[in-house]
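In: Structure here, sequence nowhere to be found:
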């Protein structure tokens, strides 16, 4: 059976508002000025440790391991307490996932977000049961764009073609490194022009994805 692995943030869900809220709660604890939502969107993609590094850099803070750990741990406390209230599915995602599952596709998730909130977000939309495997940013010792997380997700399937769907530079690089055909969702958190990223297909709405995946699986 064919299989498809999805990224989460900026691909299946717009999670930036909840990440933004948790970061600003963290900063408010020390009476620091809040970050804007566009700033936070620009920080997303490489996992929480890099997110915190980017926050520190934007605030002009020097690199300091103890400070980084403090911000990281306080952010995760806020985010784990409420990862899904402001998060929304992109249009067509639920119908796409349920249709793929009904058609016999195996479905997985590979994200740089930690597994706990990733599962909670999928569960909040009633979609977790559709996923045969969830690989988070804390599942292995490395994160995307290293190919190991994608390969770990692909290993959970029973053979057949495996495709990857994501929205960002990190996703494109991970797919290329893992040797997986890549469908690029153009409405997520990407910063680079789509034509400059390696991909086998482009789409802007999930209504178009099943046919694209079928074509890639048969090519």
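Out: Nice, I can see it. Note that the structure is predicted; figures quoted are calculated from it, not measured. Residues are numbered from 1 along each chain as shown.
In: What is the burial count for residue 144?
Out: 28 (other Cβ atoms under 10 Å). No exception for glycine: its C-beta is placed from N, CA and C like everyone else's.
In: got it, and residue 210?
Out: Residues near residue 210, counting by other Cβ under 10 Å, number 18.
In: per the record, what domains does this protein have?
Out: For the chain, the structural domains run 3-14+88-218, 16-81, going by automatic domain parsing.
In: which of these sits most buried?
Out: domain 3-14+88-218 (a mean of 19; mean count of other Cβ atoms under 10 Å).
In: Just give me how far that one sits from the chain centre.
Out: Mean-position distance between domain 3-14+88-218 and its chain equals 8 Å (Cα atoms, centre = their mean, to the nearest Å).
In: try stretch 22-29
Out: In terms of Cα atoms, centre = their mean, the centre of stretch 22-29 is found 22 Å from the chain centre.
In: Quick one: mean pLDDT over that stretch.
Out: Mean per-residue pLDDT for stretch 22-29: 98.
In: if we look at that stretch, which residues are touching it?
Out: The contact list for stretch 22-29 (Cβ atoms under 8 Å, 6 or more residues apart in numbering) reads 33-35, 40, 51, 55, 71, 74-75, 78-79, 82-83.
In: Show residues contacting the host helix or strand of residue 213.
Out: Following DSSP states H and E, one finds residue 213 within helix 209-218. With contact meaning Cβ under 8 Å, 6+ apart, helix 209-218 is reached by 2, 4, 92, 96, 99-100, 103, 105, 160-161, 163, 165, 181, 183, 200-201, 203.
In: Name the single longest helix found in the protein.
Out: Longest helix in the chain, counting residues (DSSP state H): helix 65-81.
In: now what about that one, what contacts it?
Out: With Cβ under 8 Å, 6+ apart as the test, helix 65-81 has contacts from 18-19, 21-23, 25-26, 29, 48-49, 51-53, 55-56, 61, 114, 116-117.
In: Sort out for me which of those residues are in helices.
Out: 18-19, 21-23, 25-26, 48-49, 51-53, 55-56, 116-117.
In: quick one: which of these is nearest residue 109?
Out: Using Cβ to Cβ, residue 117 comes nearest to residue 109 of the ones in helices among the contacts of helix 65-81, at 12.0 Å.
In: Quick check: the farthest pair among the ones in helices among the contacts of helix 65-81?
Out: Farthest pair in the ones in helices among the contacts of helix 65-81 (Cβ to Cβ) is 56 and 116. Separation: 23.4 Å.
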